[in-house]
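Peer 1: I'll drop the sequence and a predicted model, then ask my questions.
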Amino acid sequence: MTNSSNAPGWLTPRNDDPAYDAELDKLIAGWITGVSGLSSQAVIPMRNEGQEPPKVENWCEYAAVFIGRDPNAVCTAQEEELVTLKRGETVSCRLWFWGPLGQRYAARFLDGVLVAQNQDELRALGFAFGGHGALIGVAKQINNQWVKRYDVTLRLYRTVAREYGVMSLTQAPVTFFTGE
């Protein structure tokens, strides 16, 4: 494998990857915690089947459930030995607010995401707020006890960039045939 277009082979990005997986979860958790007022112990990534909920009365579970990728990636910033590929992404987040005050925390969060200062903080994380769906109430049985839950889906937008070792064409040998 090579990492430059000056030789045949596969190219991989030269820069660090954008936030995905646990790193993306951490950014989303910080956003939810900051806007909702819930403690960091009360904001957790989506649990696996059988995994216990946090030991707090009200809490929020979340997941990045869908990442839509703009099919029109753009190569920009061509330098002598580097090109930057940029692509827009839509990150759809599902939030589940649990507990006797789940509806209150969910409504507080949905109002808070519209505040300009909170949107500035979100932009500092590399995201723009794209809107949210309706707040939906659900009852679920946990440990033989019915618990209220409030669900909402939100959209975040971001631009991801990857740098590749693509050499620019700086000169090319040219031979002119004049027909003589």
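Peer 2: Structure's in. What do you need? Residues are numbered from 1 along each chain as shown.

Peer 1: Gly137 versus Arg104, what's the distance?
Peer 2: 12 Å (C-beta to C-beta, to the nearest Å). All C-beta spots, glycine's among them, are computed from the backbone N, C-alpha and C.

Peer 1: between those two, who's got more neighbours?
Peer 2: Per other C-beta atoms under 10 Å, whichever of Arg104 and Gly137 has more neighbours is Arg104, with 15 against 12.

Peer 1: what about Gly37, how many neighbours?
Peer 2: Gly37 sits with 14 neighbouring residues when counted by other C-beta under 10 Å.

Peer 1: residues in contact with it?
Peer 2: Gly37 makes contact with Tyr105, Arg108 under the criterion C-beta atoms under 8 Å, 6 or more residues apart in numbering.

Peer 1: Please work out which residues outside the lengthiest helix in the chain touch it.
Peer 2: Ranked by residue count and defined by DSSP state H, the top helix of the chain is helix 21-36. Contacts to helix 21-36, defined as C-beta under 8 Å, 6+ apart, come from residues 19, 38-40, 43-45, 60, 62, 64, 91, 93, 95, 105, 108-109, 112-113, 118, 121-122, 125-127.

Peer 1: can we see that at 7 Å?
Peer 2: The contact list for helix 21-36, computed with C-beta atoms under 7 Å, 6 or more residues apart in numbering, reads 19, 38, 40, 43, 45, 60, 62, 64, 93, 95, 105, 108-109, 112-113, 118, 121-122, 125.

Peer 1: what do you get for stretch 100-108?
Peer 2: Residues outside stretch 100-108 that contact it (C-beta under 7 Å, 6+ apart) are 36-38, 57-58, 60, 97, 135, 137, 148-150, 152.

Peer 1: From Ile67, how far off is the residue sitting nearest the centre point of the chain?
Peer 2: With the centre of the chain defined as its mean C-alpha position, the nearest residue by C-alpha atoms, centre = their mean is Val91, 4.9 Å away. According to C-beta to C-beta, Val91 stands 5 Å off from Ile67.

Peer 1: before we move on, what about Val160?
Peer 2: According to C-beta to C-beta, Val160 stands 10 Å off from Ile67.

Peer 1: for Leu135, same thing?
Peer 2: For Leu135 relative to Ile67 (C-beta to C-beta), the value is 23 Å.

Peer 1: Please identify which of these two sits among more neighbours.
Peer 2: Neighbours per residue (other C-beta under 10 Å) separate Leu135 from Ile67, with Leu135 holding more: 17 against 14.

Peer 1: who touches the more buried one in this structure?
Peer 2: Ala106, Ala107, Leu110, Tyr150, Val152.
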